[in-house]
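Trainee: got a predicted structure plus its sequence, pasted below:
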Amino acid sequence: MVKTMTAHSSQTRLPGRSGAILTLAAGLALGACAGKPELAAPLAPIDVRERHPIVLRDAPRSLDVFVGRAGADLDPRQAEDVVEFAREYRRGGRGGLVVQVPSGTRREFAAGDTLNGVRRALARGGVSPASLSVRTYPVADPGLASPIRLTFASLQAALPHDCGSWPRDLGISDFKQASSNEPYWNFGCATQAMLAAQVADPVDLVRSRSEGRSDVAKRLGAIGKLREGKDPSTQYRQETPQINSAVGGR
């Protein structure tokens with residue numbers, strides 16, 4: 001009887017330190033399995049900047065100069081456009097400037113006169129004739145206008161895809177999409193594309209510009225006020241007329 005009790009007591013003995021650690025680890029694992037289920041990943045990135053990122057890439061920039069009558073120079077509007085295009089090429093153009101002239105049409109002789117006007121306008125914009133590469137292209141439809149196209153490569157900011165794509169229905173036909181309370185895929189695409197098109201220098205989207213020189217006179221004036229114990233802040237005073245006195249109200 002005593003041996004049986006001794007054996008029973010040895011079986012019900014508390015585990016040691018290592019056994020307690022293993023028991024605790026097993027309990028935590030079971031608790032993790034019994035927790036909340038993992039949430040499903042969103043159908044599209046929630047952040048508009050991730051769904052429609054603005055990327056920088058080398059892309060062609062073109063200008064179409066429409067051919068006039070034979071023996072005529074460029075009109076003032078087109079001449080100014082070519083001059084501004086030449087200045088833009090000097091600011092951020094990469095490589096040479098390609099001039100494509102239509103061939104095989106009845107406007108071919110007039111295109112030669114227009115090309116001379118284009119060269120003069122480019123020279124006014126600071127582009128030397130050595131930077132030009134003149135090529136010809138066939139015209140598919142002689143009835144349509146066949147312009148002289150100027151093209152050069154430049155660094156541009158744009159989206160990696162086009163806007164207006166609707167991969168899912170916005171109605172109630174897709175219950176999962178409707179109940180997820182997530183923005184639709186095309187949301188923010190037009191805004192991002194507009195922002196990319198309005199940036200004058202695409203590098204500004206990557207890094208900020210260096211600070212300019214401070215106003216030394218204004219800084220010395222503020223330091224002088226501090227030494228005198230005065231308020232260095234600037235107070236702008238502007239008197240505006242009352243609305244009722246301006247419009248004759250009461």
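Mentor: Nice, I can see it. Residues are numbered from 1 along each chain as shown.

Trainee: lowest confidence element among the helices and strands of this protein?
Mentor: helix 2-11 (a mean of 43; mean pLDDT, DSSP states H and E).

Trainee: where along the protein do the helices fall?
Mentor: 2-11, 17-33, 48-51, 76-92, 108-124, 175-179, 189-198, 216-227, 243-247 (DSSP state H).

Trainee: select from those helices the stretch with the lowest mean pLDDT.
Mentor: Mean pLDDT is lowest for helix 2-11 among the helices of the chain, at a mean of 43.

Trainee: contacts only, for residue 83.
Mentor: The contact partners of residue 83, taken as C-beta atoms under 8 Å, 6 or more residues apart in numbering, are 121-122, 124-125. Quick note: C-beta positions are derived from backbone N, CA and C, even for glycine.

Trainee: can you say which of these are buried?
Mentor: Using 16 or more other C-beta atoms under 10 Å as the burial test, those include 121-122, 125 as buried.

Trainee: can you list the residues you listed in a markdown table and add distance to residue 199?
Mentor: Below are the buried ones among the contacts of residue 83 laid out as a markdown table (distance: C-beta to C-beta, whole Å):
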| residue | distance to residue 199 |
| --- | --- |
| 121 | 27 |
| 122 | 26 |
| 125 | 22 |
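
Trainee: so what's residue 148 up against?
Mentor: 64-67, 99-102, 111, 114-115, 118.

Trainee: most neighbours out of these, which is it?
Mentor: residue 118 (26 neighbours; other C-beta atoms under 10 Å).

Trainee: looks like that residue contacts residue 64 (just checking).
Mentor: No: taking C-beta atoms under 8 Å as the definition, residue 118 is not a contact partner of residue 64, at 11.1 Å.

Trainee: mutual contacts of these two, please.
Mentor: By C-beta under 8 Å, 6+ apart, the residues touching both residue 118 and residue 64 are 148, 150.

Trainee: give the buried residues for stretch 136-149.
Mentor: 139, 146-149.

Trainee: and what of stretch 84-91?
Mentor: Neighbour counts over stretch 84-91 (16+ other C-beta under 10 Å) mark 85-86, 89 as buried.

Trainee: Serialize these to JSON lines and add fields for distance to residue 49.
Mentor: Listed next are the buried residues of stretch 84-91 as JSON lines, based on distance: C-beta to C-beta, whole Å:
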{"residue": "85", "distance to residue 49": "32"}
{"residue": "86", "distance to residue 49": "35"}
{"residue": "89", "distance to residue 49": "31"}
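
Trainee: nearest to residue 58, of those residues?
Mentor: residue 89 (13.8 Å; C-beta to C-beta).

Trainee: residues contacting that closest one?
Mentor: 97, 125, 127, 152, 154.

Trainee: switch the cut-off to 6 Å
Mentor: 97, 152 (C-beta atoms under 6 Å, 6 or more residues apart in numbering).
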